[in-house]
Structures are given as structure tokens and as C-alpha cells.
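**Student:** quick check, what structure comes out for this input:
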Amino acid sequence: MDCPRCGTTGISGPECPACGVILARARPPRPPFRPPSPRPDGEAPRTRRSLRTFVLVGLAAAVGATMLVRRPSPAPDPAAPGTTDAPETAGDWAAGDEPEGWSEGEPGSWPGDEDADPMAEAPVFEVPAIEPEPLTNDTSPADRSTAARLAALLDAGAPVGRAEVQVAEDLYSRYGDAALTLLEAVLVKAARGEQAARRYAEAEALLRRASGVAPHSLHPVRGLLSVRLEAGDWRAAEDAARAALSLSPSDHEATRGLAYALLRQNRSPEAIEALEASLDASEDPASRALLEKLRRDSVGESGLTEQRLAHFHVRYDGDAHEDVGRAVLRVLDRHYATLVRRFDYQPPEPIPVILLSRQGYEDVTGAPGWSGGLYDSFDGRVRIPIAGLTPSLDPELDDALLHELTHAFVADRTRGVAPREIHEGLAQLMEGKTTDGVLGEAGLRALADGRLRGVAGFYAAALSLVEHLVGQRGQGGINDLLAAMAETGNADAAFRSVYGKDFAGIRREWQARLRQRYGS
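**Tutor:** As a prediction, the model looks like this:
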């Protein structure tokens, strides 16, 4: 088999060894299209549609504070019966006659920066600092001085490591309760440092020690909640939140942590119930906002049939879409296996997938009519509208499911660190798209010259950038990059460790090569 993307011949496996594309999904470049002739009455020709799919893909937007990564419904085929646009040749576009989304921009600037929304993050739960008590006068002056030095470090916000922990442990071993708050404060502060470095196991060990010496203190348990939420260990986070609430039933922050941990386990009704009970006791603006969001997102999901499988929790209208639901399950399993093989990674938790009527989908997501699916990074769910579908499933829905599952994999693999450009480039690549096939020669020139802007330019550039990364180090490099993002918690550090440059440097390198090859 030959690769339709890079031309490599004699391939025997499912993926091209040269460019990494999945052969079954790779498509040859689309036939070019020629702009329609000017209308006799002088009316301007209709907007070109050869890039319409990219324009629609690029219209992903945030709902509230959540980044929703959308995948569009299919755009009308310009060559299909009933359309009047004649075939057009991408290479024949003239200046001033570019497709929608093209506008002047500075070469070297990133297309669509002004339109890109940041990826949403999980709630951050801060652990208040502990004010240690000074050692009593019946201790030695040297030990009082040592304790004062540790307290000063904590007060200054200075890093605290193993040496300081050992000093605090020594004081506690000699003076017991007199040095207890100092030891607790040092342990919690050291744990925060380990958490910042994403060494979650080390952070947990310190916090469990702190909880052991101060079993009635809320601080270590709050610290465990924060660490487990950041690490995505939802079951353990639930345990920590419940432990915190057992110590302080009115703690709104622990309640929000519990609600979020339940939400990420696909237990939205329990999350809503916990928030409602907390707010009945006392008002809290942050908890109220979270409750309203969960209520809004759950609209249209009550009463749905749910199937809990090994890799997915799928919910759908069992009466209206039983056949479609079963077909989607088969497609999801197939795509899951493809993504596990491609990224050499398997998410530890099942991925929730919600199949909604078109109206229910729009009510929950606020998505426009063209949207064919989305992944919500806040709750980790994939939502797909299924009104009017048949059990056979059309190729566009097949692609939409793969696109959104790619987002779920990338978000989970990187613990939410992957830049949006990497998200969208990988999702399109998994669909089998190539910039050559989507843009053609003229589109690539426009991208290289900075003329393809806005959301259309953003998504085209994201795909081209990921192709550039694959061209350097193959799929293995991509997998190393995603793993490094999870390990470091920093995209720039991950890029430097794998590609030798930070993210901005990689973008400049990509743009320079694109201009060298296609620039006017």
C-alpha cells in the first residue's frame, strides 16, 4: 500500500512509517476548485466554500469559563447537485478574491491569536498557610532559634525541602505537641512544593504524615484534596473531600472539591445534591456558580439510557436512538483502540459520551446549528447531536467521534497542559486531514504569507504545525511531548526537552520553513 499523504510506497502496516498517518483514514488531496465566473449583473460571487469546513471548525468558543472544542457538521459539497458554484482551482485565486477567513496579517504572527480561547482548567483549591506556634521558653535557646528560622522561611514563602522537614521532625521528636504546628506547617509547605513540581506521590506522602501528626487539622486533608484533583485521581479526591467535610461540614471549598470529583466520575446528580445541601446551610458565591453550571450542563440528560462499558459511559435516548446508540458504541470502541495504539496511552477512567437530540445539544452547549460535536475540558465529556442519524452512521459522525475522542485523550495524557494548537492539530491529523488536501497550493501560500487569518487560519496553522512536529520526530516525538507536558506541567519545558526549543521557538521554526517553501 502507498501513503496518499507523503507518497511512501510498499507499506504493510496500518500506519505510514514516514509521516505517521493512519492509512485507513488518510484521504488524497481534494480535487481543486475554480472560482465561479462574475455574475452578469455585477453582483459579487458568493463566498468560496473550499475552506468552509475549516472556517466552521474554527468557530469553537467558550461557554462560560469552559473551553469547548467543537467539531463541525459537514459543509455542503460545492460540487453536489443543487449547488451553483462551479469547480474552482485553488491555485487560480487572485488577490482580493480569497475565501472567507482570509485577511492581511503580519508574516510570522500566529493566525487567529485574537480568536483563540484558553483551555479551561479544573478548579484550583488553595491550601491556606499554617501559622506555627513558637517553641515555649522551657526549650533550649538553640532549638527556639531553629524553630524561629523555620517559621521565618514559611512566613517569607521561601521553598521548604527535605532538610527543613527533617529539622522540624527532630524538634517534634524532642518536644512533641510544642512543635506540632511547626511540623505540620513545614510538611504542608513542602507538599505544596512537590505538587508544584508535579511529584504527586511525594506530595501525598508528606500530607499523610501531616495528617498523622495533626489528625484533627483541616489543612493536610485540604492539601490531599488539591493534589488529587490536580492529578486527576477522582476517586481519591472524593475520599479526601469527604474527609475534609467530616472535620468541617460547612467547608464550601471541600464541598466544591467533592462536587467536581463526583462530576468527573460521571455522577452529576450526586454533585448537584452535595452543592444544594451545602448552599441550603449557608450561601457561597463560588458554590452557587458551580451549581448553576452543573444544572445547566445537565439539561436534557435526565432520563437517558446509560451503558457503562470498559472505556466509556455512554448515555442516549434509549427509545428514540437505541440502534444509533449501539452503532456509536461500536465506533467508539474502534476509535479507542486506534488512539491507544497511536498515542501509546490509555486513559485510566472511562470517557463519558452523551448523545443528545439536536435541540438538547444546543440547549446544553450553546453550540450553533453547524456544530457536529464537542469535547468539554471542564467535565471531560464528549457531547454529540444525533437527531436524524441512522444506525449505519455517516462518515462525518465517524470523524466527529474520532476528533472529540482525540481531544479527550490529549487532555488526559497531558493533564490539561497541551496548548490549543496541539489539540486541534492532532484532532485533525487523526481524522486523516492534511494541509495540502484542505488548503491546496494557494491556501498554503496564503498561510505562509500571513494572509490566512482568524479561526480558519488558526486551525489550518495548527494542523500544519503538528505535521511539522511529526516530520521532525514522528509519532514517537509527539507521544514524548505529551508525556513531558504531564510530567512538567509546562508546555515550554516539554517542548525544550523533546524538540530543543520552547513553544514559541518551535512556532517560529515552523513559520520560517513554511515561508521558505510556500511564501510569495
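**Student:** from now on I want contacts and neighbour counts done on CA atoms only, so please keep to that.
**Tutor:** Noted.
**Student:** does A448 touch R515 like I think?
**Tutor:** Yes: using CA atoms under 8 Å, A448 makes contact with R515 at a distance of 4.8 Å.
**Student:** which of the two has more neighbours?
**Tutor:** For A448 versus R515, neighbours defined as other CA atoms under 10 Å are more numerous around A448 (24 against 19).
**Student:** doesn't that one fall inside a strand?
**Tutor:** No: A448: not assigned to a strand; according to DSSP: H, G, I helix; E, B strand; the rest coil it is helix.
**Student:** begin at 51, not 1, for the rest of this chat.
**Tutor:** All set: I'll call the first residue 51, so the last point we hit is now A498.
**Student:** contact partners for it?
**Tutor:** Contact analysis of A498 by CA atoms under 8 Å, 6 or more residues apart in numbering lists P157, Q561, L564, R565, Y568, G569.
**Student:** and what of P209?
**Tutor:** Contacts of P209 (CA under 8 Å, 6+ apart): L203, K239, A240, G243.
**Student:** the first one: how many residues sit nearby?
**Tutor:** The burial metric for L203, expressed as a neighbour count using other CA under 10 Å, is 15.
**Student:** repeat for the last one
**Tutor:** The tally of other residues near G243 (other CA under 10 Å) stands at 18.
**Student:** over to L230?
**Tutor:** Per other CA under 10 Å, the neighbour tally for L230 reads 22.
**Student:** can you tell me the centre-most residue of this protein?
**Tutor:** A461 (3.6 Å; CA atoms, centre = their mean).
**Student:** what residues sit buried inside the helix or strand harbouring that one?
**Tutor:** Counting by DSSP states H and E, the element that carries A461 is helix 445-463. For helix 445-463, burial by neighbour count (16 or more other CA atoms under 10 Å) applies to 446-447, 449-463.
**Student:** before we move on, what about stretch 351-368?
**Tutor:** Along stretch 351-368, these residues count as buried under the neighbour rule (16+ other CA under 10 Å): E351, L354, T355, E356, H361, F362, H363, V364, R365, Y366, D367.
**Student:** quick one: low-confidence parts of the stretch 201-350 of the chain?
**Tutor:** Of all residues in the stretch 201-350 of the chain, none has pLDDT under 70.
**Student:** ok, which stretches of it are helices?
**Tutor:** For the stretch 201-350 of the chain, applying DSSP state H, counting those that start in this stretch gives helices covering 212-225, 230-246, 250-263, 268-281, 284-297, 302-314, 318-331, 335-347.
**Student:** in CSV: the ones you listed, plus distance to R199.
**Tutor:** Below are those laid out as CSV (distance: least, CA to CA, whole Å):
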stretch, distance to R199
helix 212-225, 10
helix 230-246, 11
helix 250-263, 20
helix 268-281, 22
helix 284-297, 30
helix 302-314, 32
helix 318-331, 40
helix 335-347, 37
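**Student:** other SSEs contacting the helix holding A461?
**Tutor:** strand 116-122, helix 368-393, strand 421-426, strand 431-435, helix 470-480, helix 504-538 (3 or more CA pairs under 8 Å, 6 or more residues apart in numbering; DSSP states H and E).
**Student:** now that helix against helix 268-281, angle please.
**Tutor:** Calculated by axes from the mean of the first three to the mean of the last three CA atoms, to 10 degrees, helix 445-463 forms an angle of 140 degrees with helix 268-281.
**Student:** restricting to C-alpha, output helix 445-463 in PDB.
**Tutor:** Coordinates of each C-alpha in helix 445-463 appear next as PDB, following Å, rounded to 0.1, in the frame of the first residue of the first chain:
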ATOM      1  CA  PRO A 445     -18.600   9.200   7.800                       C
ATOM      2  CA  GLU A 446     -18.900  12.700   9.100                       C
ATOM      3  CA  LEU A 447     -20.200  11.400  12.500                       C
ATOM      4  CA  ASP A 448     -17.500   8.800  12.500                       C
ATOM      5  CA  ASP A 449     -14.900  11.600  12.000                       C
ATOM      6  CA  ALA A 450     -16.600  13.800  14.700                       C
ATOM      7  CA  LEU A 451     -16.300  11.000  17.300                       C
ATOM      8  CA  LEU A 452     -12.700  10.400  16.500                       C
ATOM      9  CA  HIS A 453     -11.900  14.100  16.600                       C
ATOM     10  CA  GLU A 454     -13.600  14.600  20.000                       C
ATOM     11  CA  LEU A 455     -12.000  11.400  21.500                       C
ATOM     12  CA  THR A 456      -8.600  12.700  20.400                       C
ATOM     13  CA  HIS A 457      -9.200  15.800  22.500                       C
ATOM     14  CA  ALA A 458     -10.200  13.600  25.400                       C
ATOM     15  CA  PHE A 459      -7.000  11.600  25.100                       C
ATOM     16  CA  VAL A 460      -4.700  14.600  24.700                       C
ATOM     17  CA  ALA A 461      -6.300  16.400  27.600                       C
ATOM     18  CA  ASP A 462      -6.000  13.300  29.900                       C
ATOM     19  CA  ARG A 463      -2.500  12.500  28.700                       C
END
